[in-house]
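Trainee: Below: sequence and its predicted model.
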Amino acid sequence: MKLIIANWKMNPDNSLEAKELFRFFDDIESDNEVVICPPFAFLGLAPERTVLGGQNCFWKKEGSFTGEVSPLMLKDMGCRYVIIGHSERRDIFGENNEIINKKIKAVLEAGIIPILCVGEKKGDNANRVVVRQLEKGLEGIDSSNVIIAYEPVWAIGTGDFCSPEKADEIRKIIKEKVKSKILYGGSVNSKNVKSYIDKGFDGVLVGGASLKKEEFVSLVKNA
Ligand code: 13P
């Protein structure tokens, strides 16, 4: 069973459309686990059998942290997974490996499965960046409880996906360091999804294509 994680990011911009996407994807028949990670505001709109994930959370259980959502709240809303350390969180919201490490610990304590995103920017040494993100992000954590998503930043939302061969090189480096399932993310679509699965990835993390009804259904079927 492969994991197909849909990261809607901050989309769609209204609840009617979110309901329509949920309803459409509710009909997907697949042996794979399809997980929808909508914005927090739409979690409560999902049909009962949708497997849900959060896109981020804070590391505290509750308290005076305006604007934040705790892992326990996500669990209470039915989330089985939560994405941690997405490159947009790192770049736009200043999350570093220490913050990410705290979040993963809190998520595990709440009984949810963290999906830790790692990946290099254009021009970076991919090997070095990814290994550092893993070592720092997973300090003091049993990696078998965490899912890793390898998302090269330059491949996110660009259509410039990472070749399966290159992605597989990094997958093997990750596999040497951790006992986790490993996903690929970055411009995954219905046409290229199978090439990552065939290389040995345990699934994919999908952005843009997860907001297009027919395209996402084909992607799940082709995985
Ligand atoms: P795209 O599939 O739009 O490239 O986004 C990837 C991503 O960031 C998923 O978390």
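Mentor: Thanks, I have it.

Trainee: Got the phi and psi for the residue in the chain positioned nearest to the ligand?
Mentor: Of all residues in the chain, the one sitting closest to the ligand is G207 (2.2 Å; CB to the nearest ligand atom). Quick note: C-beta positions are derived from backbone N, CA and C, even for glycine. Backbone dihedrals for G207, given as degrees, to the nearest 10, come out at phi -100, psi -100.

Trainee: same thing with Y81?
Mentor: Dihedral angles for Y81 - degrees, to the nearest 10 - are phi -130, psi 160.

Trainee: Residue numbers of the chain in contact with the ligand?
Mentor: Selection of the chain residues close to the ligand by CB under 6 Å from any ligand atom yields 7, 86, 151, 156-157, 185-188, 205-209.

Trainee: Now the two most distant members of those.
Mentor: Greatest spacing in those, by CB to CB: H86 and A209 (16.3 Å).

Trainee: Those two: which has the busier surroundings?
Mentor: Under the neighbour definition other CB atoms under 10 Å, H86 and A209 were set side by side, and H86 has more, 27 against 19.

Trainee: and that one, what is it in contact with?
Mentor: N7, Q55, N56, C117, E151 (CB atoms under 8 Å, 6 or more residues apart in numbering).

Trainee: Which of the residues you listed fall in strands?
Mentor: N7, C117 (DSSP state E).

Trainee: Same list (the contacts of H86) but as JSON lines, adding distance to S143.
Mentor: Putting the contacts of H86 into JSON lines (distance: CB to CB, whole Å) gives the following:
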{"residue": "N7", "distance to S143": "21"}
{"residue": "Q55", "distance to S143": "21"}
{"residue": "N56", "distance to S143": "20"}
{"residue": "C117", "distance to S143": "14"}
{"residue": "E151", "distance to S143": "17"}
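
Trainee: Okay, and the beta partners of the spatially most central residue of the chain?
Mentor: Nearest to the geometric centre of the chain sits I83, at 4.6 Å (CA atoms, centre = their mean). Taking DSSP bridges as the rule, I83 bridges to I115.

Trainee: any idea how far it is from N125?
Mentor: Using CB to CB, to the nearest Å, I83 is found at 24 Å from N125.

Trainee: ditto for G200
Mentor: G200 is 23 Å from N125, by CB to CB.

Trainee: How far does stretch 41-58 sit from its chain's centre?
Mentor: 13 Å (CA atoms, centre = their mean, to the nearest Å).

Trainee: In PyMOL, how would I select just the buried ones from the residues of the chain next to the ligand?
Mentor: Command for PyMOL that selects the buried part of those, burial taken from 16 or more other CB atoms under 10 Å:
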select buried, resi 7+86+151+156+185+186+187+188+205+206+207+208+209
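
Trainee: coming back round to it: of the contacts of H86, just say which sits nearest to I141.
Mentor: For the contacts of H86, the nearest to I141 is C117 (15.0 Å; CB to CB).

Trainee: partner residues bridging the nearest residue to I36 once chain neighbours are set aside?
Mentor: Distances taken as CB to CB, 6 or more residues apart in numbering place A6 nearest to I36, at 4.9 Å, with adjacent residues excluded. For A6, the beta-bridge partners under DSSP bridges are I36, V206.

Trainee: Isn't A6 up against G208?
Mentor: No. At 10.3 Å, A6 does not count as touching G208 under the criterion of CB atoms under 8 Å.

Trainee: Which helix or strand contains the residue located most distally from the centre of the chain?
Mentor: The centre of the chain is farthest from one residue, S64, which by CA atoms, centre = their mean lies 27.2 Å away. S64 belongs to no helix or strand when assigned by DSSP states H and E.

Trainee: Fine by me, thanks again.
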